[in-house]
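Colleague: prediction below, plus the sequence it came from.
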Amino acid sequence: MPAPTHIKPSSGDVVLLVGTMKGAFLFRSNSERKEWEAGGPYFPGRAIYAFAYDNRNGRNRLWAAVNSSYWGSYLSSSDDFGQTWSEPEAYGVKFPEDADTSVKQIWQIELGHKNEPDTLYCGVEPAALFKSTDAGASWSLVKGLYDHPHRPQWQPGGGGLCLHTILPDPTNDQRMHIAISTGGVYRTDDGGANWQPRNVGVRAQFLPPDQQYPEFGQCVHKIVSHPTNPARMFLQNHWGLYRTDDGADSWSDVANGVPSDFGFAMEIDRKDPNTVFIVPLESDEFRCTPEGKLRVYRTRNAGESWEPLSNGLPQENAFETVLRDGMSGDKADPMGVYFGSRNGKLFASPDTGESWHAVAEGLPPIVCVKTAMIA
């Protein structure tokens, strides 16, 4: 097996962290985000469902969730952009010995609140939340969620019973939203001690007509929030697009003019709480882009209308699938938007979706795309 190539980022660069079903890749570009240098593959043959970049407290650290069908799922870190990776002697993200389950897969890695520079969170399958307060050296189960009375009634969706989205509120260090497939959205307002379902207005289409708006049990695929207006959130459901302006106390349907309201990926413009990006898919049975056209849809008016963005994307026989963590935006101005498909194609837009170009083609199936801005 050939040795991996490596990137050497410098100040002002953008780095894409790409997890695939057969390993991890890194892509580096300068602030223009037009030409890309590739690094990898790392962890060849292993599925990488979660990636994160931690530059707090002087760190320059990558985190990758490495999954093996034989060894299970564990976290590995790199402080030199992939030249070396940690190999833990023992798995840190694991249920207590008295728990009735074990970690099948790590689905998400998220940094803590702004006043928690050494805190990290992990979402896993079966649905649970783990927390580290020492920069990933040790982990503990968030018991408030694990002991929730709804947990025995959560049912796995098509991708399993996974806690896939973690959104710490940047304005309130006691508040956090999480999303579970198939459990719905939950929120804590007391630092994780207690959790309340927050799914009012979200439809569970797979239930009988008179039961389609339950307290919990919705198959939420992704939620995003705005860093300066966290009460404004958007939700991509298993059928359904929604917005909330009250921190998820209630949701309104905003699937206005999209070819399908089924999909997974979603991203919000960090400069504008009214601008959101999605990649609609045909249906839950045919999970490919409608009409064989690869189009990102963007709203600039908080979901009142959506416009297709296709400049530079294939529009014939492009039967692509973009998964829930397959889209991400950077912190540049204008914001860059990136997504990868299960066909191994990675695309970038340096201008909030106005134009697109291929960063890579022929990668293994892409399941995760994250971004890092190098300071």
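Modeller: It's in. Numbering: from 1, shown residues only.
Colleague: please count neighbours and contacts with C-alpha atoms only from this point.
Modeller: OK.
Colleague: how many residues are close by residue 70?
Modeller: 6 (other Cα atoms under 10 Å).
Colleague: ok, now how distant is it from residue 357?
Modeller: To residue 357, residue 70 is 37 Å away according to Cα to Cα, to the nearest Å.
Colleague: residues touching the residue nearest to residue 222 when sequence neighbours are not counted, list them.
Modeller: Leaving aside its sequence neighbours, residue 222 sits nearest to residue 236 (Cα to Cα, 6 or more residues apart in numbering; 5.2 Å). Applying Cα atoms under 8 Å, 6 or more residues apart in numbering to residue 236 gives the contacts 220-223, 242, 261-266.
Colleague: rerun that using 10 Å as the cut-off
Modeller: Neighbour list for residue 236: 202, 219-224, 242-243, 255, 261-266, 278, 280, 324 [criterion: Cα atoms under 10 Å, 6 or more residues apart in numbering].
Colleague: are any of the residues you listed buried, and if so which?
Modeller: For the contacts of residue 236, a burial check counting by 16 or more other Cα atoms under 10 Å picks out 202, 219-224, 242-243, 255, 261-266, 278, 280, 324.
Colleague: keep only those of the residues you listed that are in strands.
Modeller: Counting by DSSP state E, the buried ones among the contacts of residue 236 place 220-224, 242-243, 262-266, 278, 280 in strands.
Colleague: ok, so of those residues, who is nearest residue 43?
Modeller: residue 265 (24.5 Å; Cα to Cα).
Colleague: quick check: that closest one vs residue 276, distance?
Modeller: With Cα to Cα as the criterion, residue 265 and residue 276 are 11 Å apart.
Colleague: ok, residue 186 next?
Modeller: With Cα to Cα as the criterion, residue 186 and residue 276 are 22 Å apart.
Colleague: the two: which is more packed in?
Modeller: More neighbours surround residue 276 than the other of residue 186 and residue 276, with 25 against 19 (other Cα under 10 Å).
Colleague: leaving out chain neighbours, which residue sits closest to that one?
Modeller: Nearest residue to residue 276, sequence neighbours excluded (Cα to Cα, 6+ apart): residue 268, at 4.3 Å.
Colleague: then residue 275?
Modeller: Spatial nearest neighbour of residue 275, chain neighbours left out: residue 300 (4.3 Å); criterion: Cα to Cα, 6+ apart.
Colleague: tell me the contacts of the one you found?
Modeller: Contacts of residue 300 (Cα under 10 Å, 6+ apart): 269, 272-277, 306-307.
Colleague: state the distance from the residue most central in space within the chain to residue 366.
Modeller: In the chain, the centroid-proximal residue (Cα atoms, centre = their mean) is residue 325; its distance is 3.5 Å. Plainly put, residue 325 is 9 Å away from residue 366 if you go by Cα to Cα.
Colleague: residues bridging contact with the two, i.e. touching both?
Modeller: Common neighbours of residue 325 and residue 366, counting by Cα under 10 Å, 6+ apart, are 18-19, 49, 339-340.
Colleague: report the two of these separated the most.
Modeller: Greatest spatial distance among the shared contacts of residue 325 and residue 366 (Cα to Cα): 49 and 339, at 14.2 Å.
Colleague: all helices of the protein, in order?
Modeller: Using DSSP state H, the helices of the chain run over residues 143-146.
Colleague: picking up where we left off before, relative to residue 277, how far out is the residue nearest to residue 276?
Modeller: Distance, residue 268 to residue 277, using Cα to Cα: 6 Å.
Colleague: and if you look at residue 203?
Modeller: 21 Å.
Colleague: same check on residue 210?
Modeller: From residue 210 over to residue 277 the distance is 32 Å, taken as Cα to Cα.
Colleague: can you get me a residue count around the residue nearest to residue 205 when sequence neighbours are not counted?
Modeller: Leaving aside its chain neighbours, residue 205 sits nearest to residue 212 (5.9 Å; criterion: Cα to Cα, 6+ apart). By other Cα under 10 Å, 16 other residues sit near residue 212.
Colleague: the strands in the stretch 51-200 of the chain, which residues?
Modeller: For the stretch 51-200 of the chain, applying DSSP state E, counting those that start in this stretch gives strands covering 61-68, 72-78, 105-111, 120-125, 128-132, 140-141, 162-168, 176-181, 184-188, 196-197.
Colleague: stretch 29-36: which residues count as buried?
Modeller: By 16+ other Cα under 10 Å, the buried positions in stretch 29-36 come out as 29-31, 33, 36.
Colleague: just stretch 92-107 next, same as before
Modeller: Within stretch 92-107, judged by 16+ other Cα under 10 Å, the buried ones are 92-95, 103-107.
Colleague: pLDDT below threshold where in the stretch 251-375 of the chain?
Modeller: By pLDDT under 70, the stretch 251-375 of the chain contains no weakly predicted segment.
Colleague: and the closest residue to residue 133 other than its chain neighbours, how far from residue 91?
Modeller: Distances taken as Cα to Cα, 6+ apart place residue 119 nearest to residue 133, at 4.3 Å, with adjacent residues excluded. Counting by Cα to Cα, the separation of residue 119 from residue 91 is 18 Å.
Colleague: who has more neighbours, the two?
Modeller: Higher neighbour count among residue 119 and residue 91: residue 119, with 19 against 15, using other Cα under 10 Å.
Colleague: okay, the more buried one and residue 224: tell me how far apart.
Modeller: 20 Å.
Colleague: check residue 124 too.
Modeller: Taking Cα to Cα, one finds residue 124 at 18 Å from residue 224.
Colleague: who has more neighbours, residue 210 and residue 277?
Modeller: Taking other Cα under 10 Å, residue 210 and residue 277 do not tie; residue 277 has more neighbours (25 against 7).
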